[in-house]
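Enquirer: One predicted model, sequence on top.
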Amino acid sequence: MSGVENRRSVREGSPRLNLLLKDCAKGFYQQMFFLGKDVIYPGGNYLQKFGFEKSPSKGLKGTSCYTADWGGGIVELYGACAGYYGDGSKVVFLRERCRFYHWLPPERLVAGMWTTDDVQASSANVMFDAVWPLLNWWLEYEEWIEQQLGADHRKRCYAAWKKLKSAKPWLEPEKVTGWLQHFLDESSRAVRPKHYC
């Protein structure tokens, strides 16, 4: 059974899947802080070492955009948002809303240059399929960064995140890749992060 067929075969419980997607968005919010730490790591910019191309943001001044080919599409990262743009999927994460959305315009999202007409909330089942490639990238990137810098790097990131007043700590770093794989495999049957051990 292909990955797409498997994901479509576990479509019971849309309200539960919606909760899991919200949980996942909270994790991606935390992940964006971690990515910022990878960019300024003393040993070099690890997003670039992974294969991302860095360019100045066309939207928010003084910020950067990171772009990489991934899974037949493109992953694009800013400090304020992220997106995956493929043939069958255009999905963005908006940090200020801590939520995934379908992206409607033909051109890719530019941080600070979008309106509510550009995004669409979809059913949980449709959104899960759309966000799957971005979550798969997140999983593989986290496995790679641990190979490069060791598990202690993410533990330090997590400790720094917990110190921020605005932070809402999610899963501890040692549980993230396990839960992501579990969610990608199980969809609405997955255990919520707060119960994952």
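Expert: Right, received. Where do you want to start?
Enquirer: can we go C-alpha only for contacts and neighbour counts from here?
Expert: Will do.
Enquirer: ok so Asp23 is a helix residue?
Expert: Yes: assignment of Asp23 by DSSP: H, G, I helix; E, B strand; the rest coil places it within a helix.
Enquirer: Give me the nearest residue to Leu94, chain neighbours excluded.
Expert: Setting aside the residues directly before and after it, Leu94 is nearest to Cys81 in space (C-alpha to C-alpha, 6 or more residues apart in numbering), at 4.7 Å.
Enquirer: Can you give me the buried ones in stretch 47-55?
Expert: Residues Leu47, Phe52, Lys54 are the ones in stretch 47-55 that count as buried (16 or more other C-alpha atoms under 10 Å).
Enquirer: Would you tell me which one of the residues you listed comes nearest to Lys194?
Expert: Nearest to Lys194 among the buried residues of stretch 47-55: Leu47, at 28.5 Å, using C-alpha to C-alpha.
Enquirer: In contact with the closest one, which residues?
Expert: Leu47 is in contact with Leu35, Asp38, Val39, Tyr66, counting by C-alpha atoms under 8 Å, 6 or more residues apart in numbering.
Enquirer: which pair in these spans the largest distance?
Expert: Farthest pair in those, by C-alpha to C-alpha: Asp38 and Tyr66, 12.3 Å.
Enquirer: who's more crowded, those two?
Expert: Asp38 (22 against 19; other C-alpha atoms under 10 Å).
Enquirer: Same question for the helix or strand containing that one: list its buried residues.
Expert: Per DSSP states H and E, Asp38 falls inside helix 14-39. Neighbour-count burial for helix 14-39 flags 16-18, 20-38 (criterion: 16+ other C-alpha under 10 Å).
Enquirer: How about Lys194: what's its closest non-neighbour residue?
Expert: For Lys194, the spatially nearest residue (C-alpha to C-alpha, 6+ apart) is Leu171, at 7.5 Å.
Enquirer: What's the local residue count around that neighbour?
Expert: Residues near Leu171, counting by other C-alpha under 10 Å: 18.
Enquirer: repeat for Gly72
Expert: For Gly72, using other C-alpha under 10 Å, the count is 11.
Enquirer: pLDDT weak spots in this structure?
Expert: 1-13 (pLDDT under 70).
Enquirer: Please repeat the previous calculation with a cut-off of 80.
Expert: 1-13, 61-62, 88 (pLDDT under 80).
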